[in-house]
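# structural data only, the sequence is not supplied:
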């Protein structure tokens, strides 16, 4: 792997994770609005509806998006998951506000250490993720060493991963073409490579032994550089 003086990270699943989990939050908020779905049922419904929205986006070859499109995406997901609540819009608003709060997210321990060391070494660091305008304050709260003008949500770039234009737009402000690090094989690894970037898969659960290069802990990135 060629060294680079710039690294772009995916956000969810790479640098941060929801705590409590997405399933738990949907179950808790759903119950307040009258849902009777079990935690397991909510998890199944969430994964199914999220995958359906992903597939719908990929039907657009350019994977275009916007802040409005991201809001509609999550409205559709909430409606599908909490289909037994009477006021789905109110439930959606509650969930939207919850996941806008930095305290709803936890940084991975290896991410904290890696960002700190890359910053100390003078490496340019950025974040580019399929997200919306809520992303900036979340990253700022957990990773203050990452400059706010190098944090990009898909809604702000106008494209979702794995679109080539997503990666090219996010990479354009770096002095050096960045290495992209993420946890999703299609969106992150293959998407970045299709855009001409080097890519590295973070595979904490060793689910993708067929992919190379990959690491199981972000701190391993420091040894590759």
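Yes, it's here. This structure is a prediction, so every number in the text was calculated from the model and none was measured.

# after the longest helix along the chain comes which helix or strand?
If you go by DSSP state H, the chain has its longest helix at helix 39-58. Using DSSP states H and E, the helix or strand that follows helix 39-58 in sequence is helix 67-81.

# mean confidence for that following helix?
Averaging pLDDT along helix 67-81 yields 97.

# do you know how far the most centrally placed residue in the chain is from residue 212?
A centroid search over the chain (CA atoms, centre = their mean) returns residue 12, at 3.5 Å, as the residue closest to the centre. Separation of residue 12 from residue 212 (CB to CB, to the nearest Å): 23 Å. (Each C-beta comes from the backbone N, C-alpha and C, glycine too.)

# how about residue 169?
27 Å.

# OK, contacts around residue 95?
25, 26, 29, 74, 78 (CB atoms under 8 Å, 6 or more residues apart in numbering).

# try 7 Å
Contacts for residue 95 (CB atoms under 7 Å, 6 or more residues apart in numbering) come out as 25, 26, 29, 78.

# OK, contacts around residue 25?
Applying CB under 7 Å, 6+ apart, the residues near residue 25 are 18, 95, 98.

# what's the neighbour count on residue 51?
For residue 51, the count of nearby residues is 10 (other CB atoms under 10 Å).

# show me this protein divided up by domain.
6-17+105-224, 19-103 (automatic domain parsing).

# most packed of these?
domain 6-17+105-224 (a mean of 19; mean count of other CB atoms under 10 Å).

# mean confidence for that one?
On average, domain 6-17+105-224 scores 97.

# how far away from the center of its chain is it?
Offset of domain 6-17+105-224 from its chain centre (CA atoms, centre = their mean, to the nearest Å): 9 Å.

# switch to numbering from 21
Happy to do that; since the first residue is 21 now, the last one works out to domain 26-37+125-244.

# pull up the distance across that domain, start to finish.
13 Å (CA to CA, to the nearest Å).

# how about stretch 233-240?
Start-to-end, stretch 233-240 (CA to CA) is 11 Å.

# can you list contacts of that stretch?
Stretch 233-240 has contacts (CB under 7 Å, 6+ apart) with 21, 128, 130-131, 133-134, 220-224, 226, 228, 241.

# which of those lies closest to residue 102?
Using CB to CB, residue 128 comes nearest to residue 102 of the contacts of stretch 233-240, at 28.5 Å.

# would you check that the closest one makes contact with residue 31?
No: with contact defined as CB atoms under 7 Å, residue 128 does not reach residue 31; the gap is 10.9 Å.

# show me the common contact partners of those two, please.
Contacts common to residue 128 and residue 31, judged by CB under 7 Å, 6+ apart, are absent.

# direction included, what does the helix or strand encompassing residue 172 pair up with?
Element membership of residue 172, judged by DSSP H and E, is strand 171-173. Within its sheet, strand 171-173 is paired with strand 144-149 (parallel), according to DSSP bridges.

# what's the angle from whichever helix or strand comes after the strand it pairs with to strand 144-149?
The helix or strand immediately downstream of strand 144-149 is helix 155-162, counting by DSSP H and E. Interaxial angle of helix 155-162 relative to strand 144-149 (axes from the mean of the first three to the mean of the last three CA atoms, to 10 degrees): 130 degrees.
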